[in-house]
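In: Provided below for reference: sequence and predicted model.
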Number of protein chains: 2
Amino acid sequence: MNEGELGAWMAYLKATHLLERRIEEQLKTDSGLTHPHYEILAKLSIAPERRLRMSDLARELVVSKSGLTYQIGQLEKRGLVERMDCPSDERGVLAVLTDEGMRCLEKTAPGHVAVVRAFLIDQLTPEELQTMTRVMSKAATAMSQNGSGPAPT
Amino acid sequence: MNEGELGAWMAYLKATHLLERRIEEQLKTDSGLTHPHYEILAKLSIAPERRLRMSDLARELVVSKSGLTYQIGQLEKRGLVERMDCPSDERGVLAVLTDEGMRCLEKTAPGHVAVVRAFLIDQLTPEELQTMTRVMSKAATAMSQNGSGPAPT
DNA sequence: GGGTGGTGGTTCAAATTCGAACAACCATGA
DNA sequence: TCATGGTTGTTCGAATTTGAACCACCACCC
């Protein structure tokens, strides 16, 4: 790794860790939610009928199956999410966002968005924002495929 | 959040989670280290005399004091890091990278770097890499200051 | 000299995470 | 039909993380 690459990577690590911490702090103090909680509610809120299979949700959030089972359990206790049987697959479980969950999300979103804007988005020019989207999308695509190496030429 | 901003944020979340997972997987299978372990060794390796105060190390890694205490304990068990008294401050503790720790890092680095390159750096044009560095640095700077809002004009 | 607020590091309990193991169910082909 | 491999979701144990509480020590001022 040359100088520029190392600098990029170190900046990436520091920024991502700091941002995660800021987000966690804001959500906890303002809404009593954790970041994983919020991500689950947000994903469900934009899904058709506000529901997703556990597996699909886990894949989208990039979290382990068992981790999701635990978190959905927590959210169910609070009445923000409900478990339903999947009609098309007897094994399946649907995580469904409840009305209360939706209200909670709507109440929480502004403060959360404010943090993301303040520390990341508003720091960027429109071109930089566009580049970051492209960069992150490319990286995500590369990692979504299986395999551990770079794509062959 | 408008369309472009939301897209940027969602791409960011997915990419960072996926990358963390890939890194963790590679380190675990190839060297039996975790990402936190690696970050500690790497930070110490570039510090003067390969040593840092616990507090400084925790700040640099953006990790809690208690979390660092635990991880240094683990690394000490393996002989990769050593605790030493701080000469200038009776309270202080220095985490020192041992020779074995340095060897372990040197042996582990290539595989780790390969993952970071394959999934992030090599996906980017030189301009994109430069922009990402600038973006992440700006964000990190904004978050390193205290305060929860955007900087006033 | 002796308080006094603040810092540095550890300990502790609680919460969260993961992977492996498991049981139930789907889907395919003989 | 029914064996068989793959998928789904949960349970379990182990490892990790955090913040709060705590004690020892530094710096500063009376």
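Out: Thanks, I have it.

In: Any figure for the gap between the residue nearest the centre of chain A and residue B:142?
Out: For chain A, the residue nearest the mean C-alpha position is residue A:39 (4.2 Å; Cα atoms, centre = their mean). Distance from residue A:39 to residue B:142, counting by Cβ to Cβ, to the nearest Å: 22 Å. Heads up, the C-betas are built off the backbone N, CA and C, glycines and all.

In: Next: residue A:109.
Out: 21 Å.

In: And the two? Which one has more around it.
Out: Per other Cβ atoms under 10 Å in any protein chain shown, whichever of residue A:109 and residue B:142 has more neighbours is residue B:142, with 20 against 16.

In: can you tell if the lowest-mean-pLDDT helix or strand in chain A touches DNA strand C?
Out: The weakest-scoring helix or strand in chain A, judged by mean pLDDT, DSSP states H and E, is helix A:126-144 (a mean of 92). No. Interface with DNA strand C: helix A:126-144 contributes nothing (Cβ under 7 Å from any atom of the strand), its closest point being 14.0 Å away.

In: Next: stretch A:32-45.
Out: Yes. Residues of stretch A:32-45 contacting DNA strand C under Cβ under 7 Å from any atom of the strand: A:34, A:36.

In: I'd say residue A:9 and residue B:124 touch.
Out: No. With contact defined as Cβ atoms under 8 Å, residue A:9 does not count as touching residue B:124 (11.5 Å).

In: Secondary structure element for the residue in chain A that DNA strand C sits nearest to, which one?
Out: Across chain A, no residue is closer to DNA strand C than residue A:67, which sits at 2.5 Å (Cβ to the nearest atom of the strand). Using DSSP states H and E, residue A:67 maps to helix A:65-77.

In: ok, and does that helix reach over to DNA strand D?
Out: Yes. On the criterion Cβ under 7 Å from any atom of the strand, helix A:65-77 is in touch with DNA strand D at A:65, A:66, A:68, A:69, A:70, A:72, A:73.

In: most neighbours, which of these?
Out: When neighbours are counted by other Cβ under 10 Å, residue A:72 leads the residues of helix A:65-77 next to DNA strand D with 21 neighbours.

In: quick one: contacts for that one?
Out: A:40, A:54, A:81, A:83, A:95 (Cβ atoms under 8 Å, 6 or more residues apart in numbering or on different chains).

In: What separation do you get for residue A:135 and residue B:50?
Out: The gap separating residue A:135 from residue B:50 is 33 Å, by Cβ to Cβ.

In: do the same with residue A:7
Out: From residue A:7 to residue B:50 the distance is 21 Å (Cβ to Cβ).

In: Which one's more surrounded, those two?
Out: residue B:50 (20 against 16).
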